[in-house]
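>>> Sharing a model prediction with you, sequence too.
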Amino acid sequence: MILIKYVWMIGLLILSFTSARGSVQDLIDVSRASVPDWTDAAGYSVWDRTDAVRDSVHRNIDTTRDSVAVTVVAPASADSGRQTVSVNPAAISDTVSASGVPKFFRRLGNAFVTQASSPFTMNAAQAAYVGAGVGITLGFVALDENIDRSIRNLKNDNTVIRDVSSSITELGGKNGIAAVIVYSAYSLIWDDTRAQETSMLLAEAIITSGVWTRLGKLAAGRERPSAAYEFSHLPGGRWHGLGGSLRKHSKETVTKYDAFPSGHTATAFAIATVFAKRYSETGYVPILSYSLATLIGFTRMIEHTHWASDVFAGACLGYLCGNQVVTQFEREESETPVAGTGTTVRFSIGMLNESPALHFTVGF
């Protein structure tokens, strides 16, 4: 199951990165509207030449850099001499939308650093919220056995709940990630810049929450309810501690000891938080997002795969990761000199080998 989840995540990343290829075409579209149509003696316009160059740019783009520089030359005619170019500087100051691979990895790295260092940098108000979250989690740990006992037979006693629960719960797993991939594909097909940005934020939130969840499972090694019924019979299950999720005894599997925190719930709340904050002006989006995420968390208990404290901790983790990546993105956007996309295009006009040349640089 874990392998399937990461395969889906790789698919999401591939779709997110594909949007970077559109940036050079967008740049050329902007340039067409801004720069005169140069024509050489052979009858080729500079944009005919540019179209031929563009594919080479796509193939040879250096993804390790934060900018792309391209020079387009209009060949001089032997009998026409040097050509003079007149350009309105105001017309060529523009931006294009781009979501390049380097920027994604830089933001993802920044997200990990920010999240890892947050316990040491939070203010008093944030510390109070974290303290409250820890306190509530410990409260749920004390009540886990009672809560589990109260819902233990819901799945067995009600056929509707049994059928619906097993479908809803996977919206926090492979089915939820598949839905995000479909959303990312839509953003590319319909060239929806906002959706493309949201897709990459979703990828960041899913990846970061997934990593922290996995580390938490390794550290806690908590027995799942279904395993506790059969093996330890301890209230709230056994906590094996560091590396406990790797334990494997006769008749037992690794997945019986990775209950805390809930990965499905963390993924559900990471996705819900990104959508809720990116589309907060549409009132029903936050309500639906968080309601569905909460329902997914509840089904994890109905399916006997998690205790209530696992679900609450996963929800907090997913929310914090989703909130952090969106906040970081909005902060970067607000600090961008040119409002709108954060990608800057600079043009310069001159001569190269006795031919007029247009040089433009795209900064991501």
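Nice, thanks for sending it over.

>>> how far away is residue 267 from residue 223?
Residue 267 sits 22 Å away from residue 223 when distances are taken as CB to CB, to the nearest Å. For the C-beta atoms, the positions are set from N, CA and C on the backbone; glycine is no exception.

>>> who has more neighbours, those two?
Remark: of residue 267 and residue 223, residue 267 carries more neighbours, 31 against 28, as counted by other CB atoms under 10 Å.

>>> Isn't the more buried one up against residue 170?
No - contact between residue 267 and residue 170 fails when scored by CB atoms under 8 Å: they sit 10.6 Å apart.

>>> The host helix or strand of residue 291 packs against which elements?
Secondary-structure assignment from DSSP states H and E places residue 291 in helix 284-302. When contacts are defined as 3 or more CB pairs under 8 Å, 6 or more residues apart in numbering; DSSP states H and E, helix 284-302 sits against helix 124-151, helix 159-169, helix 263-278, helix 308-335.

>>> show me where the stretch 101-250 of the chain has helices.
101-121, 124-151, 154-157, 159-169, 174-189, 193-220, 225-230 (DSSP state H, counting those that start in this stretch).

>>> Just want the angle from the fourth one to helix 284-302.
Put simply, helix 159-169 runs at 120 degrees to helix 284-302, going by axes from the mean of the first three to the mean of the last three CA atoms, to 10 degrees.

>>> And the contacts of helix 159-169?
154-156, 264, 295-296, 299-300, 302-303, 305 (CB atoms under 8 Å, 6 or more residues apart in numbering).

>>> hang on, the earlier thing: determine the angle, from 0 to 180 degrees, between the helix holding residue 291 and helix 308-335.
Using the same axes, to 10 degrees, the direction of helix 284-302 lies 150 degrees away from that of helix 308-335.

>>> buried ones in helix 284-302?
285-286, 289-290, 292-302 (16 or more other CB atoms under 10 Å).

>>> and residue 189, how many neighbours does it have?
9.

>>> Residue 151 against residue 303, yeah?
No - contact criterion CB under 8 Å: residue 151 and residue 303 do not qualify, at 10.3 Å.

>>> neighbour-wise, which of the two wins?
residue 303 (19 against 15).

>>> separation between the nearest residue to the more buried one once chain neighbours are set aside and residue 230?
Among residues not flanking residue 303 along the chain, residue 169 sits closest, at 5.5 Å (CB to CB, 6 or more residues apart in numbering). Between residue 169 and residue 230 the computed distance is 20 Å (CB to CB).

>>> The two - which one has more neighbours?
residue 169 (25 against 11).

>>> Kindly provide the distance from that one to residue 295.
Taking CB to CB, one finds residue 169 at 9 Å from residue 295.

>>> Out of the helices of the stretch 101-250 of the chain, which gets nearest to residue 327?
Distance to residue 327, taken as CB to CB, is lowest for helix 101-121 among those, at 9.2 Å.

>>> And that closest one, what's buried?
For helix 101-121, by 16+ other CB under 10 Å, it's 101-104, 107-108, 111-112, 115.

>>> and if you look at stretch 153-172?
155, 161, 165, 168-172.

>>> gap between the two ends of that stretch?
Terminal residues of stretch 153-172 are spaced 22 Å apart (CA to CA, to the nearest Å).

>>> cool, and stretch 149-159?
19 Å.

>>> low-scoring stretches of the chain, by residue?
Residue ranges of the chain with pLDDT under 70: 1-101, 244-254, 336-364.

>>> and with 80 instead?
Low-confidence segments of the chain (pLDDT under 80): 1-102, 243-255, 335-364.

>>> who are the neighbours in contact with residue 273?
205, 289, 318-319, 321-323, 326.

>>> got those as TSV, with distance to residue 281 columns?
Shown next, in TSV, are these (distance: CB to CB, whole Å):
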residue	distance to residue 281
205	20
289	14
318	22
319	20
321	23
322	17
323	17
326	14
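
>>> Among those, which one sits closest to residue 213?
residue 318 (8.3 Å).

>>> So the closest one sits against residue 264, correct?
No - the criterion here is CB under 8 Å, and residue 318 misses it with residue 264 at 9.5 Å.

>>> more neighbours, the two?
residue 318 (34 against 28).

>>> nearest residue to that one other than its sequence neighbours?
For residue 318, ignoring the flanking residues on the chain, the nearest one in space by CB to CB, 6+ apart is residue 269 at 3.0 Å.

>>> List just the one of the helices and strands packed on helix 284-302 that sits closest to residue 194.
Nearest to residue 194, of the helices and strands packed on helix 284-302 and by CB to CB, is helix 263-278 at 7.4 Å.

>>> Appreciated, that's everything.
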